Every structure is written in structure tokens, then in C-alpha cells.
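In: Pasted the sequence and its predicted model underneath.
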Amino acid sequence: VERQQLLYNSILLEMEQGVQAIEQGDALNNSEFFLIIQSYLRWLVIVLAGISILGVALAVITARAIITPVEQAVSFAEEIGKGDLSRRLTVSSGDEIGRLAQSLNSMAESLERRSVLASEIASGNLTRQVVLASDKDVLGLALEKMTMSLNQSFGEIVYATSQIARGSAHISDASQSLSQ
């Protein structure tokens, strides 16, 4: 920074001397002044080009730092949409993208727990308690309703079976009575 300041001050001093030479009509100093201006413009173009290249490089790095995790999150969400609940995102940052990854992982874990519960209910385990995630838990409410409906149907089947067994016993008793 000090070197740049010295170079800047040196160029300004030479430019002031060049302006004075032009005002005095000194042709020799006039050509020196234009050489100094040409040198200064060359340095200015080099510095601006360097800054531009650095800016583009930083823009590309920043864009990749944002786009790559977002693309991973989109792919992950698509896999969940297809029913694959086994994957998880690796969370390595605490920013908004990291929070998005954590939320998607939580969603996948919740859906996986619900799929295990649905499998147990399908296997006949109607004693499992459905814990709702919130009062807006549509899947949880559906599982709860399904469990209650299956329990009710099972109860009706047990009742019908006992009625059939009693009716069968009455018929058996009646037929034994008639045969005697």
C-alpha cells in the first residue's frame, strides 16, 4: 500500500510538472509529460484488468458456493418425492442453505418414521400410538384415522365371530335336542 501511494504521488508530481511545462510551452518537457501520461494509463489499464479478473473470479466462486448445495438440496427433495427416504444431506454450514439442508433432513426422518409406523399397522400391529407432529399433520391424522378404523373393523369382526359362535352353539344344541 505504501509503495502504491509513493507511485501515485510520483505520478501526480510528474503530471503537475508536465502541466507546467505545457503552460510554459516547453516542447521537450511536453513530450516527457505525454510519456508519463502514457505510462500512467498503461498502469491504470493493468490495475483495472486485474481488479476485473479478481471480481469475476470471486463472482464464480460465490456462485458455485451457492449453486452446488442448492442443486444437492433439489436432488434430495426429488428423491424424497420418488419415495427414497434413506438419503440425508451433509450439513456443513450454519447459513440459510445449511438450515435448508437440516430442514430437509428432518422432513425425511419424519417421513421415514411415518413409513415404519404405516408398515407396522399394515402388519397388524394396531396398538401403536400415532404421535402427531402438529395439528396440521395430515399424514399423522390419516394414520390415526386408519388405525381407529381398523381397530373398529377388527372389533366388529370379533363381535360377529362371537355371534356366529353362539348361533352355531344354539344350532348344535337344537339339533342334539331333536335327535334325542
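Out: Cool, got the structure.
In: chain center to the helix or strand where Leu143 lies, what's the gap?
Out: Assigned by DSSP states H and E, Leu143 belongs to helix 138-179. Remark: helix 138-179 is offset 50 Å from the chain centroid, using C-alpha atoms, centre = their mean, to the nearest Å.
In: Repeat that for stretch 128-142.
Out: Here the centre of mass of C-alpha atoms in stretch 128-142, compared against the chain's by C-alpha atoms, centre = their mean, lies 24 Å away.
In: Endpoint to endpoint, that stretch covers what distance?
Out: 14 Å (C-alpha to C-alpha, to the nearest Å).
In: neighbouring contacts of that stretch?
Out: For stretch 128-142, contacts defined as C-beta atoms under 8 Å, 6 or more residues apart in numbering pick out 110-111, 114, 117, 120-121, 143-144, 147. Placement of C-beta: from N, CA and C, glycine included.
In: Give the buried residues for stretch 126-141.
Out: Buried residues in stretch 126-141, counted by 16 or more other C-beta atoms under 10 Å: 130, 137, 139-140.
In: And the average pLDDT for stretch 161-176 is what?
Out: Per-region confidence: stretch 161-176 scores 88 on mean pLDDT.
In: brain fart, stretch 74-85
Out: The average pLDDT for stretch 74-85 rounds to 94.
In: Run through this protein and note the low-pLDDT ranges.
Out: Filtered on pLDDT under 70, the chain yields the residue ranges 1, 18-19, 21-33, 180.
In: All the helices of it, residue numbers only.
Out: Taking DSSP state H, the helices of the chain run over residues 2-24, 27-81, 96-122, 138-179.
In: which one of these has the most crowded surroundings?
Out: Counting by mean count of other C-beta atoms under 10 Å, helix 96-122 has the highest mean neighbour count of the helices of the chain, with a mean of 15.
In: hang on, the earlier thing: could you check the angle the helix holding Leu143 makes with helix 96-122?
Out: 0 degrees (axes from the mean of the first three to the mean of the last three C-alpha atoms, to 10 degrees).
In: contacts for stretch 59-72?
Out: 89, 93, 97, 101.
In: for stretch 151-164, same thing?
Out: Leu126.
In: about what we covered before: between the contacts of stretch 59-72, which is nearest His170?
Out: Each of the contacts of stretch 59-72 was scored against His170 by C-beta to C-beta, and Leu89 proved nearest at 65.2 Å.
In: Please determine how far the closest one is located from Ser153.
Out: Distance check for Leu89 against Ser153: by C-beta to C-beta, to the nearest Å, it reads 40 Å.
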